[in-house]
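# predicted coordinates and the sequence they were generated for:
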Amino acid sequence: MSTPLNINDLSVAYQKKPVLRNISFEVPEGKLIGIVGPNGAGKSTLIKAALGLIPRLSGSVEIYGRPYRLQRKIVGYVPQRESVDWDFPTNALDVVMMGRYGHLGWIKRPGRAEKDFAMECLDKVGMADFASRQISQLSGGQQQRIFLARALAQDAKLYFMDEPFVGVDAATEKAIITLLNDLKAEGKTVLVVHHDLATVKDYFDWVLLLNVELKAFGPTNSVFTPEKLQQTYGGKLAMLENENQSSLIIT
């Protein structure tokens, strides 16, 4: 059987400067996977290249054995919040309903069943009471929850999420990780660009370490090690410990 995501020899460059070089890996099904690396490592670029949002110099990307353009219905995407025009005049429910268009097509109008499903997705992220609220009137954490609900409305098998924990409060972060675990329990596969090293072991089954080149990929316990992190970040690694938790700091 084909795997959720198979990337082979992927390279991307901006203005002739390599951003990703010869990236190859195969993602197992039903895992939460953290994409980790320093700023400028190409983490967001990897997701955008996989989704065909930016051109590739070389390489191939297959979603369950087929090109992304043939598998759009089973792929969900949550972009970075700052990349979205939050002043666009629409409400939360309409944004979530956009996640159903791949199943309906652009000609058929969504009906009661689609609206009810969108409301269920809003309820799962704790935003049902904000369905009619204009998105510009929502807080950063609430906006992030709306986009997560839109991804849920797609009812995808494979999800890409770009920095979903950035700029959210503790309650929203807890809600997001609960949602990710619910998706995993349903057999979904989720790749998440993540920057907080202190929570990687708690959040993810597998980790992809990236810095232009693929440094390591595999189960968190075997990949997320001080030695591999030093190779990825190119700096010294310090471990700060207190009675409650340990934190990894790259200097």
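Thanks, I have it. Residues are numbered from 1 along each chain as shown.

# measure Pro4 to Ile23 for me?
For Pro4, the distance to Ile23 under the criterion Cβ to Cβ, to the nearest Å works out to 16 Å. Where you see a C-beta, it was placed from the backbone N, CA and C, and this is true even at glycine.

# low-confidence stretches in the stretch 1-150 of the chain?
Residues of the stretch 1-150 of the chain that meet the criterion pLDDT under 70 lie in 1, 102-110.

# do you have the helices of it handy? List them.
Using DSSP state H, counting those that start in this stretch, the helices of the stretch 1-150 of the chain run over residues 43-50, 92-97, 101-104, 112-124, 140-153.

# give me the secondary structure label for Val166.
Secondary structure assignment for Val166 (DSSP: H, G, I helix; E, B strand; the rest coil): coil.

# contacts only, for it.
Going by Cβ atoms under 8 Å, 6 or more residues apart in numbering, Val166 touches Gln80, Arg81, His195.

# what about the residue most central in space within the chain, helix or strand, and which?
Closest to where the C-alpha atoms of the chain average out (Cα atoms, centre = their mean) is Met161, at 1.3 Å. Under the criterion of DSSP states H and E, Met161 resides in strand 158-162.

# residues making contact with that strand?
Contacts of strand 158-162 (Cβ under 8 Å, 6+ apart): 4-5, 43-44, 47, 50-51, 63-64, 74-80, 148, 151, 183, 188-193.

# count of neighbours near Ser2?
The number of residues packed near Ser2 is 12, by other Cβ atoms under 10 Å.

# what sits closest to it if chain neighbours are left out?
Nearest residue to Ser2, sequence neighbours excluded (Cβ to Cβ, 6 or more residues apart in numbering): Gly65, at 3.2 Å.

# residues contacting the one you found?
By Cβ under 8 Å, 6+ apart, the contact list for Gly65 reads Ser2, Thr3, Asn6.

# so the first one touches Glu62, yeah?
What that stands for is Ser2. Yes - counting by Cβ atoms under 8 Å, Glu62 is a contact partner of Ser2 at 7.1 Å.
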